[in-house]
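# next comes the sequence, and after it the predicted model I'd like to discuss.
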Amino acid sequence: MRETFLANSTFFLLLLKDIKKPEVLAKIGQCVRLATTKQVLEEVKRGLAEEGLEHLASEVREYVSEIYDATDKILRTENPLVVHEPFLGTGEFSIILAFWYLQYRRNIRNLYIITDDKSARKYIYKNIPEIPKNRILWSLKFIDRYAVFLCNISPEEFLEILDLIEKSKFRVDKKILEFYRRKYMKYRGSD
């Protein structure tokens, strides 16, 4: 069974708004199974509208294979995570609810979350400890581990993404950027 990657708004906004690389989202969406929630789509639309990039919202719909509604009655009534943590946004919480629902009610096992929100990851570790930490990815880790190999993103493209991230408003530790930069400099020109 193919992996399903439940993506939070930060992943989409990174590619569409922060570094303006919709072609990377297109490449990823054509080779892996991306999913999200209606709540995340709303966050993405608002984030794109801030920059006058509303037209790019269609890119997300085009390359996401499944969109879940985390306000659905099943998600609200049958799960143990109904207590909403005040530090989590609606999008983050909706992704966690969708993950829980798919994993434990629909028995989908090859499931990952893409979230750059540290609070969301901590919430998952605390409230759903049976989920292996390697199933919770931040955007760069997802691109490194899956998109590069499955979607033929070249080392040069990944290095360009890193450079664009460094110049953008996207918040990521410089040590993480340097880690990936060193890793991909080794492969430059060998694809």
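Yes, it's here. The model shown is predicted, which means the values in this text are computed figures rather than measured ones. Residues are numbered from 1 along each chain as shown.

# show me the shaky parts of the protein.
Residues of the chain meeting the criterion pLDDT under 70: 1, 70-87, 188-191.

# please state the offset of the lengthiest helix in it from the chain centre?
Longest helix of the chain, by residue count under DSSP state H: helix 90-104. Between the centre of helix 90-104 and the centre of its chain there are 13 Å (C-alpha atoms, centre = their mean, to the nearest Å).

# just the strands in the protein please.
4-7, 33-37, 66-68, 111-114, 136-137 (DSSP state E).

# could those strands go into CSV alongside distance to Ala26?
Using the backbone N, CA and C atoms, a C-beta is placed for each residue, glycine as well. Putting the strands of the chain into CSV (distance: least, C-beta to C-beta, whole Å) gives the following:
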stretch, distance to Ala26
strand 4-7, 14
strand 33-37, 11
strand 66-68, 17
strand 111-114, 16
strand 136-137, 20
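
# would you mind giving those strands as TSV with distance to Gly52 and mean neighbour count added?
Converted to TSV, the strands of the chain look like this (distance: least, C-beta to C-beta, whole Å; neighbours: other C-beta atoms under 10 Å):
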stretch	distance to Gly52	mean neighbour count
strand 4-7	23	24
strand 33-37	22	24
strand 66-68	24	17
strand 111-114	25	23
strand 136-137	30	20
